[in-house]
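Student: using only what follows, build the 3D model:
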Amino acid sequence: MVIEAVGGRLSSVEYQILVEQAPMLIWRANLDGLCDYFNDRWLEFRGRTMEQEYGNGWAEGVHADDMDRCLRIYLEAFAARRTFEMEYRILRYDGVYRWIFDRGSPFYLDNGRFGGYIGSCVDVTDRVNAQEAAYRTRLNELKELAALLPICGYCRKVRDDHGYWKLVEEYVSERARMEFTHGICPACLAKRVGEDAMTAARPVL
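Tutor: Here you go, the predicted model:
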């Protein structure tokens with residue numbers, strides 16, 4: 001078996017080396033939907049043998065929270081003979097879950113008969129983590145903005161969510177089980193007493 005390649009042809013041995021040593025994880029599923037092949041990169045990534053991964057053995061490493069979703073996507077695509085894409089977490093050889101992007105496509109034999117699926121996976125953990133970090137940053141920014149309370153710089157009224165300006169007491173009372181009493185703080189009291197004294201000392205014209 002040979003295939004066309006840029007710059008010449010590859011022998012079957014060279015083609016096998018290309019598949020086994022490709023920088024992506026490659027798998028194949030048979031007509032029953034069970035995986036019957038994984039390339040060397042996959043086995044190295046998983047730290048398991050072909051026998052351990054064979055059939056549904058590979059699924060033992062899929063994160064429990066991702067299993068049902070992945071199974072549904074795979075079975076629906078398999079039944080419809082269509083290409084699928086999905087991301088899920090799978091256990092690496094060192095016991096760490098890594099996010100991988102998995103793309104599977106149906107393949108057909110020389111006689112045109114459906115032969116199963118061939119898929120390739122790449123580790124996208126860094127991208128997923130970066131997206132999650134960016135999302136958390138945006139969420140924190142939104143929380144900070146939501147916590148800002150618009151207060152008039154002159155009358156000290158508060159603007160509510162509907163754009164109405166209300167006294168602070170009214171605004172707070174609508175959102176908390178709280179009653180208000182009013183008094184005069186020492187600074188205002190001293191200021192008021194001083195103003196009253198000045199008013200009383202003014203001559204009546």
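Student: from now on I want contacts and neighbour counts done on CA atoms only, so please keep to that.
Tutor: Noted.
Student: the chain: strands as residue ranges?
Tutor: Remark: strands assigned in the chain by DSSP state E are 3-5, 8-10, 25-29, 35-38, 84-91, 97-108, 114-123, 158-159, 165-166.
Student: centre of the chain to the fifth one, how far?
Tutor: Mean C-alpha position of strand 84-91 versus that of the full chain (CA atoms, centre = their mean, to the nearest Å) differs by 13 Å.
Student: same check, this time on the fourth one
Tutor: Between the mean C-alpha location of strand 35-38 and the chain-wide mean there is a distance of 29 Å, by CA atoms, centre = their mean.
Student: helices and strands of this structure: which one bottoms out on pLDDT?
Tutor: For the chain, scoring each helix and strand by mean pLDDT, DSSP states H and E identifies strand 3-5 as the least confident one, at a mean of 43.
Student: sorry, back to before: most packed of the strands of the chain?
Tutor: Highest mean neighbour count of the strands of the chain: strand 25-29, a mean of 22 (counted as mean count of other CA atoms under 10 Å).
Student: any idea of the angle it forms with strand 97-108?
Tutor: With axes from the mean of the first three to the mean of the last three CA atoms, to 10 degrees applied, the angle from strand 25-29 to strand 97-108 works out at 50 degrees.
Student: strand partners (parallel or antiparallel) of strand 25-29?
Tutor: Taking DSSP bridges as the criterion, strand 25-29 sits next to strand 35-38 (antiparallel), strand 114-123 (antiparallel) in its sheet.
Student: which residue sits closest to Ser105 in space, ignoring its chain neighbours?
Tutor: Using CA to CA, 6 or more residues apart in numbering and skipping the chain neighbours, the partner closest in space to Ser105 is Thr83 (4.4 Å).
Student: contacting residues for that neighbour?
Tutor: Thr83 makes contact with Ala77, Arg103, Gly104, Ser105, Pro106, according to CA atoms under 8 Å, 6 or more residues apart in numbering.
Student: quick one: it and Ile118, what's the gap?
Tutor: Relative to Ile118, Thr83 is positioned 10 Å away (criterion: CA to CA, to the nearest Å).
Student: what sits in contact with each of the two?
Tutor: Listed as contacting both Thr83 and Ile118 by CA under 8 Å, 6+ apart are Gly104, Ser105, Pro106.
Student: partner residues bridging the second one?
Tutor: When bridges are called by DSSP bridges, Ser105 pairs up with Ile118.
Student: pick the one among the contacts of Thr83 closest to Lys157.
Tutor: Nearest to Lys157 among the contacts of Thr83: Arg103, at 57.5 Å, using CA to CA.
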